[in-house]
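Asker: Quick one, what's the 3D model for this:
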Amino acid sequence: MSFDFNVNPMTTTIAQRLYGDRSKNQQDEILHILEAVNTNDSNTRKQCQLLVEKLSSWLENGGEIIIYGDASNQRRTETANVNDTNWTIVKEYFPNAEYKVPTVNPNIKERCNWVNAKIKNYAGDVGIFFNNTMCQAMIRDMEQVIWAPDGKTKDGKTNKMLTHNSDNLDYLVAKEFPMKYSNPVQSIEPPKIKENKNKIFS
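Answerer: A predicted model of the protein is given here:
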């Protein structure tokens, strides 16, 4: 799961990773985006309660959970209460999960490049599949999110419902599929964002 702690909507992405031989090709590991959980006028505790319900069977059977998300939400915010951070609340509900939350979020352009490369690389290999029924909000982000006027950040002002779902995907991909390899021969360079186009995701 990957978290973005915006209030309206609050979003969490539920995904499943199918492991493969990434030593040959990173796209051998497929990421299935199962559900984009979007709740309006919510908070972290309510979101976690909803997620526990959705994942009850998985949790009862000892299913592994890995959690990703926004590094900046180590601090107290309006989505948590005065005594907690967003992450302390998540850990309260998912104490046995493995947490892969960075201390600092990667550069936005860099992580968007990584998402584009994971969706489909130069060789035409697809690495991310979206559940059409349960991921409409995520698909909207993929189709509509553009760069802000500064060219460095996502435009979250024109439509405040956008950017949060794609941020979730960014955090997950940046942690698991960054385009960095020790062997340059096997490396697949991420597609560069074309500066004459404002659309982020290809």
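
Asker: Can you show me the strands along the chain?
Answerer: 2-4, 10-18, 30-39, 66-69, 98-99, 128-130 (DSSP state E).

Asker: Find the one among these with the highest mean neighbour count.
Answerer: Greatest average neighbour count among those goes to strand 2-4 (a mean of 26), per mean count of other C-beta atoms under 10 Å. Placement of C-beta: from N, CA and C, glycine included.

Asker: Okay, now the sheet partners of that strand, with direction.
Answerer: Sheet pairing of strand 2-4 (DSSP bridges) gives strand 10-18 (antiparallel), strand 66-69 (parallel).

Asker: mind putting these in JSON lines, mean pLDDT and distance to P178 included?
Answerer: Shown next, in JSON lines, are the strands paired with strand 2-4 (pLDDT from 0 to 100; distance: least, C-beta to C-beta, whole Å):
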{"stretch": "strand 10-18", "mean pLDDT": "94", "distance to P178": "15"}
{"stretch": "strand 66-69", "mean pLDDT": "96", "distance to P178": "13"}
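
Asker: Nearest to K157, out of those strands?
Answerer: Closest to K157 of these, according to C-beta to C-beta: strand 10-18, at 17.2 Å.

Asker: Relative to the whole chain's centre, how far out is that closest one?
Answerer: 7 Å (C-alpha atoms, centre = their mean, to the nearest Å).

Asker: what does stretch 137-157 give?
Answerer: Distance, stretch centre to chain centre, for stretch 137-157: 14 Å (C-alpha atoms, centre = their mean).

Asker: Just grab the bridge partners of the residue lying closest to A15 once chain neighbours are set aside for me.
Answerer: Closest residue to A15 apart from its sequence neighbours, by C-beta to C-beta, 6 or more residues apart in numbering: I33 at 5.0 Å. I33 forms beta bridges with A15, F130, as assigned by DSSP bridges.

Asker: Which among the strands paired with strand 2-4 is found nearest to S56?
Answerer: Of all those, it is strand 10-18 that lies closest to S56, at 13.0 Å by C-beta to C-beta.

Asker: before we move on, the earlier item: do you know how far the residue nearest to A15 is from M161?
Answerer: Plainly put, I33 is 18 Å away from M161 if you go by C-beta to C-beta, to the nearest Å.

Asker: now H32
Answerer: Counting by C-beta to C-beta - H32 and M161 are separated by 24 Å.
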